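K.L.:
sequence? don't have it. structure:
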């Protein structure tokens, strides 16, 4: 059973392309404690690497540089949220950076969350989760949430055509369609900009 579980876990990681993961991604295979022991053994065998407590990634190396390849901070934060059943989305400069609207190198990554306030240290960077009302971020896809937070950070009076064009180019056709469908009841000024961004390029 131990070997079978090990192969099930590794199979899911590879088949689903899980860049980072936790015990909760495998509890349909076995109880939490059993999965936890399985991941500990995989770590001991150097099949996986612990990023922070409870979050792992496959042990992959860049042979030319002889360094471990790690998933992005955003991917790790989404795994933290997934294992805790929290809704999250980047906000402030973090959102602008992810949308390609800022080239500022961040020392702190800030996310809104439906869960409690938390801070994590990931790869030497501080990740801050700031609690907000669930209704502020629930019911939106990740890309729609990102678009909304970018507009809020920029502000109603600072949005110009060049910025709208950058936002257009940051969304696929399907993401624009989803954003239009998801934001029918959002604040009027945000909705108007989303319509301008999305409808004109469909």
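P.N.:
Yep, that arrived. Note that the coordinates shown come from a computational prediction; the quantities given were computed from them, not determined experimentally.
K.L.:
C-alpha from now on. contacts and neighbour counts both.
P.N.:
Noted.
K.L.:
quick one: the helices in this protein?
P.N.:
2-15, 32-44, 73-84, 92-98, 134-137, 142-154, 161-169, 173-182, 188-199 (DSSP state H).
K.L.:
Rebuild those helices as CSV, extending it with mean pLDDT, distance to residue 61 and mean neighbour count.
P.N.:
CSV is the format used below for those (pLDDT from 0 to 100; distance: least, CA to CA, whole Å; neighbours: other CA atoms under 10 Å):
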stretch, mean pLDDT, distance to residue 61, mean neighbour count
helix 2-15, 93, 16, 13
helix 32-44, 96, 15, 16
helix 73-84, 97, 18, 18
helix 92-98, 94, 25, 21
helix 134-137, 92, 36, 14
helix 142-154, 96, 29, 20
helix 161-169, 93, 33, 14
helix 173-182, 96, 33, 16
helix 188-199, 95, 40, 17
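K.L.:
Please dump those helices into a markdown table; it should also carry distance to residue 124 for every row.
P.N.:
Shown next, in a markdown table, are the helices of the chain (distance: least, CA to CA, whole Å):
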| stretch | distance to residue 124 |
| --- | --- |
| helix 2-15 | 25 |
| helix 32-44 | 21 |
| helix 73-84 | 10 |
| helix 92-98 | 16 |
| helix 134-137 | 27 |
| helix 142-154 | 24 |
| helix 161-169 | 30 |
| helix 173-182 | 32 |
| helix 188-199 | 35 |
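K.L.:
quick one, which of the ones you listed is nearest to residue 51?
P.N.:
helix 73-84 (8.3 Å; CA to CA).
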